[in-house]
Every structure is written in structure tokens, then in C-alpha cells.
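Q: Based on what follows, work out the 3D shape:
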Amino acid sequence: MLYKDLSYKLQGMFFGIRNDLGSGRKEIVYQKASERELKQSGIIFEREPAIKIYSNKGVFLGVHRPDFLADNKIVIELKAILNVLKLEIVRVYGYLRNGEHKLVYLVNFASPKLYIRRFIFTNDRKQWLKRAAALFVAICLFSFIAICGAHPVFAADITVSPVIIDEKGKARDILNGFVTITNVSGRKQDIYAAVNNVSEDEGKQEFKSLSGADLATSLANWILFPRGVIELMPGESKKIDFKIEINVRAEPGEYHAIIVFGAGSSASEAEKTIGAVPSLSINVEVLDDAKEQMQIKEFKTEKTISWPPAAFSYVIENIGNRPQTPGGEIRLYNRRGKEIAVLKINEKKIIVEPNATVKLTAVWEGGQGFGKYKAFLNLTYGEKQRGILQDTIYFWVLPERNLALLIIGLILGNFLFAALWYFAYEKYAKRRTAKKGGYEKK
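A: Prediction:
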């Protein structure tokens, strides 16, 4: 374990401060408490030291001032926020990778549980130190060659500006960016670029391949950077425009990628120089603009009067910007208001894309009794913004047995009506005849 004894002392100090002050203080309070504890423990430290930051080429860029530097070995960054963002972790790695120190403690006192994370980046992995060593060797070699009267040959010398881009946007947004690449060498350079996702692991930074990447989370796939060679003459600068098209399925959060550059006569040769040429880090925060909304356009039975089975259809439209998998049920009630059946809807888990309309169906195999029924549609949708849609229709069910009885009843009714009409007519005719005969006798 790197700096084992000092690390244990610091971790014990962090837990003591959290137990003493809790999680509801301002950052300045934790800073003062940490300063007091460092003094009492006898640990040599500096308050807000100036840590020099170098580019990958060993060029001095400026200074970073963390909260503390313990024993000139461990950098301490203190926070008092609800959650530590990935962007903060990326920045810690950035100055750790390009600074002189190997270990950083990032401590957040305001999280539900005390957040302590160690970041390690050893010097043997730092490009700028390697280049500094190489520069020292080159100077020695140059001196030797100069003495011998030979002419030195220098490697490619490329600068990239900016080196970090921070953007914010929503799903479907298109962001515009640019990078300026300058050839500060004395000869023509052919530059090739590659885009990779960045993932953070404890103590190291690695790159993920784009093949098979989830488009909803792969920032590198959202970056549309020009492909092919970038030719630069001595002293020439070129501004390269690119776009970041945030995926429609992108979830809110922070995403990180890096555009690396290499110089060479071909892409394969340029790949060997990646790391020697500065890179461009891109951080995108996707904002939450989820709109989960649906509407029922139609709910009906296939027939107003039907015999079992009774079929229902409902047309729903996704008017939001997130794919939806609706669920719910159709509840059936008889004429007395008693619930007699529940039909599950969308059992096949059909996904309704934004601005899409689908027609779904459900079938009721029951309905043995004749009468009027009510169908109540209760549709649910949404993950973060739960929504409910409801609709009601009425329909008649006429089973085959009841239909036969109805037909027989209609026939018998018609026959009875005809018979009654006939007998009534005969009676009326007899009365009329008898009355007419009486008049004749008079």
C-alpha cells in the first residue's frame, strides 16, 4: 500500500471529523477541522499548496491548489456536497496524471455515508515525465552530436487547443465543438485522430472500445469527428470542427471521452505516437428532459352487440420523448356493477416509440349471460413520471343460447300477436255483421 502509515492516519482523521461534525456543515468548516487535526497529529502539511501541472510534452501549464498536501506526499481534496460527480473524479485524475504527486484522497463529508476515495497514478505512467526524461537524453545526445559536427533530427511537435471541453445538453441535442491543431515543428506532419470512451477505475484510467458499445451511454459514438489524415505544414494551424449528437436514449448523467492524436505517414504509424501528442478530453453532462406522456386515441369493442368471445381494441399514442411500454388492465362489470373479469393489456410488452401510435387488442372469453356490460380501461406508463390513462365503454353480449331463445321468443311472439289480431278481427267482423242485420230488420 502506497504511503501506508500516513494513509491510515489520514483515514482515521477523516472518520473522526465526520463523527464529530456530522454531514450537515459547510465545506469551510471541514477544512478548518482538518487543519486543526493535522496540526494536533504532528503531520507536516501545506494549506492550498501550488501544485505544478504539465502537459504530456512536459510544458508547464499552471498550478492547481488543492485543500492540503500532507508530508509532501498525499494530496487531499475535501468536499461537502450530496454526491460526488464523475466530472470531479475526472479532474482529480487530470491533475494527478499531469502533476508530480502519486496519491490523492478525495473526501466528501456531506454524503449519506462518509465518502473516501484513493486515487493513485504512479510516475512510471506519466507521459510528461517520460518526455522530460527523453528530453534530457535528447539534450545529451544533441550535445554529443553537436560536438561531433553532426545534424540532429527532432520528433514531431504538435500542440492541441483546447485540451478539455465541458458541455451540457439534453437527449437529441446537437452540440458544436472545435479543436485547433498546430504543427510547431520544422517539417510537414500527417495527423490522425481516434475517439475513445473513458472509464474510471480505482487508481487508473483506461479506454473502452467502441465496438459493441451501448449507443445510449457511449459518448465516443456521439462525437462526429472528421476521419482521415490532417495535413499540417511547418507552423500551420488548422481548426477542426466536430459535432456531438446526444443519443435519443441517453440517460441523465455525466459521460466522458477522449480524442487522441498521433503523427505518422499512415494511421498505423500514427497510432504508435499516441500519447506523445496532446489529447482532447470531452465531458458531457446530459440533463434530464424526460417527457413521458401518452394518450388514448380510441377504445372500443369490435361489435356493439356481440356474442362471446368479446374483442376490445385500443389505440394509444406516445406524445412524449421516451420509449414507453404501457401496462394495466381492462376491468369488466355487469349491469349490477359487479366486477366479473380483468383482462391484462399489452402482455407482449410492446414498446411504443416517441411519436408512434399502436393498436392493441384484448379478448374476453366469458360473457355467458345476456345483458349490458361496462369495460373500464386503466392504462399505466412511465418509469420516472408515472402516468395513468382511463376510458370507459358499454357493450351488449348476446350468447348463442340466449340468441336462440330470443329468436324462438320472437317467433312465438309474432305468432301470438297474429293469432290475437285474427281473433280480434273475427269478433269485430261478427259484431259489425250483426249490427248491420239489425238495421235491415227495422
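
Q: residue ranges for the helices of this protein, please.
A: For the chain, the helices defined by DSSP state H occupy 4-21, 27-41, 86-97, 127-148, 219-222, 267-271, 400-441.

Q: Any idea which of those has the lowest pLDDT on average?
A: Lowest mean pLDDT within these: helix 127-148, a mean of 49.

Q: burial measure for Asn346, as a count.
A: Residues contacting Asn346 under the criterion other C-beta atoms under 10 Å number 22. Where you see a C-beta, it was placed from the backbone N, CA and C, and this is true even at glycine.

Q: can you pull the contacts of it?
A: Applying C-beta atoms under 8 Å, 6 or more residues apart in numbering to Asn346 gives the contacts Thr325, Pro326, Gly327, Gly328, Leu360.

Q: can I get the CA coordinates of stretch 221-230 in PDB?
A: Extracted as PDB, the C-alpha positions of stretch 221-230 are listed here (Å, rounded to 0.1, in the frame of the first residue of the first chain):
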ATOM      1  CA  ASN A 221     -20.200   7.200 -30.600                       C
ATOM      2  CA  TRP A 222     -22.000  10.600 -30.200                       C
ATOM      3  CA  ILE A 223     -18.900  12.500 -31.300                       C
ATOM      4  CA  LEU A 224     -18.700  13.000 -35.100                       C
ATOM      5  CA  PHE A 225     -15.000  13.900 -35.700                       C
ATOM      6  CA  PRO A 226     -13.700  14.100 -39.200                       C
ATOM      7  CA  ARG A 227     -11.900  10.900 -40.300                       C
ATOM      8  CA  GLY A 228      -8.800  10.700 -42.400                       C
ATOM      9  CA  VAL A 229      -5.500  12.500 -42.400                       C
ATOM     10  CA  ILE A 230      -5.000  16.100 -41.200                       C
END
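
Q: Could I get the buried residue list for that stretch?
A: Under the neighbour-count criterion of 16 or more other C-beta atoms under 10 Å, stretch 221-230 has Asn221, Trp222, Ile223, Phe225, Val229, Ile230 buried.

Q: Hmm, Gly320 is touching Gln295, no?
A: No: taking C-beta atoms under 8 Å as the definition, Gly320 is not a contact partner of Gln295, at 9.8 Å.

Q: With neighbour numbers in mind, choose between these two.
A: Remark: of Gly320 and Gln295, Gly320 carries more neighbours, 20 against 14, as counted by other C-beta under 10 Å.

Q: Save the buried residues of stretch 221-230 as TSV, and put in distance to Glu347 too.
A: Shown next, in TSV, are these (distance: C-beta to C-beta, whole Å):
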residue	distance to Glu347
Asn221	34
Trp222	35
Ile223	40
Phe225	45
Val229	55
Ile230	55
